[in-house]
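Undergrad: what follows is a protein structure lacking sequence information:
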C-alpha cells in the first residue's frame with residue numbers, strides 16, 4: 001500500500017493513494033529540492049466526510065460558503081448532460097440550424113415535448129415573418145371565398 005504525505009507548516013497528514021477516487025489524478029513531480037503533489041481536494045474531502053454539514057458536525061468548524069460550494073459534489077453527469085443537450089438543441093433550433101424534429105431527437109424527447117418546452121423558453125415553432133403570415137392569411141381568405149362561391 002502506497003501512502004501520500006501532504007504537509008503544511010501546521011500539520012502532516014498521511015493518505016493512502018487508494019483513498020482518492022479512481023478517476024481522480026494524483027501525481028507528483030520532482031523540483032530542484034521540493035516535491036510538488038497534486039491532489040483533488042474535493043475527492044479526498046468526500047472520502048472522509050459525507051458532506052460539509054458532516055464535516056462541520058464532526059470538527060465543530062464552520063466552512064465558509066464559497067469553500068463549501070467547491071467541496072460539494074457537482075451535479076450528476078446524466079442530469080448535466082440532459083440539460084446541456086436540451087439547451088444546445090434549443091439554441092440550434094433558434095439559430096435555424098436544426099428543425100424541431102432534429103432538435104427534439106438531439107434533446108432526447110418527442111417533437112411534441114420539444115415544442116412544449118420551446119414555449120417555456122420563449123421560442124415558437126412557427127417561423128413566419130409578418131409579411132409571410134399576411135400572405136398566408138390572404139391566401140386562406142381567397143380560398144375560402146372561392147369555396148363559398150362554388151357552393152352557391
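TA: Everything's here; your move. None of these values were measured; they are calculated from a predicted model.

Undergrad: distance of the residue lying closest to residue 71 once chain neighbours are set aside from residue 39?
TA: Nearest non-adjacent residue to residue 71, counting by Cβ to Cβ, 6 or more residues apart in numbering: residue 45, 5.0 Å away. Just so you know, the C-beta spots here come from the backbone N, C-alpha and C atoms, and that holds for glycine as well. In this view, residue 45 and residue 39 are 10 Å apart by Cβ to Cβ, to the nearest Å.

Undergrad: one more: residue 71?
TA: The value you get for residue 71 to residue 39, if Cβ to Cβ is used, is 13 Å.

Undergrad: now tell me what touches the strand or helix carrying residue 144 from outside.
TA: Residue 144 belongs to helix 130-151 when assigned by DSSP states H and E. Applying Cβ atoms under 8 Å, 6 or more residues apart in numbering, the contact partners of helix 130-151 are residue 128.

Undergrad: quick one: mean pLDDT for that helix?
TA: Per-residue pLDDT over helix 130-151 has a mean of 84.

Undergrad: distance between that helix and the chain's centre?
TA: 47 Å (Cα atoms, centre = their mean, to the nearest Å).
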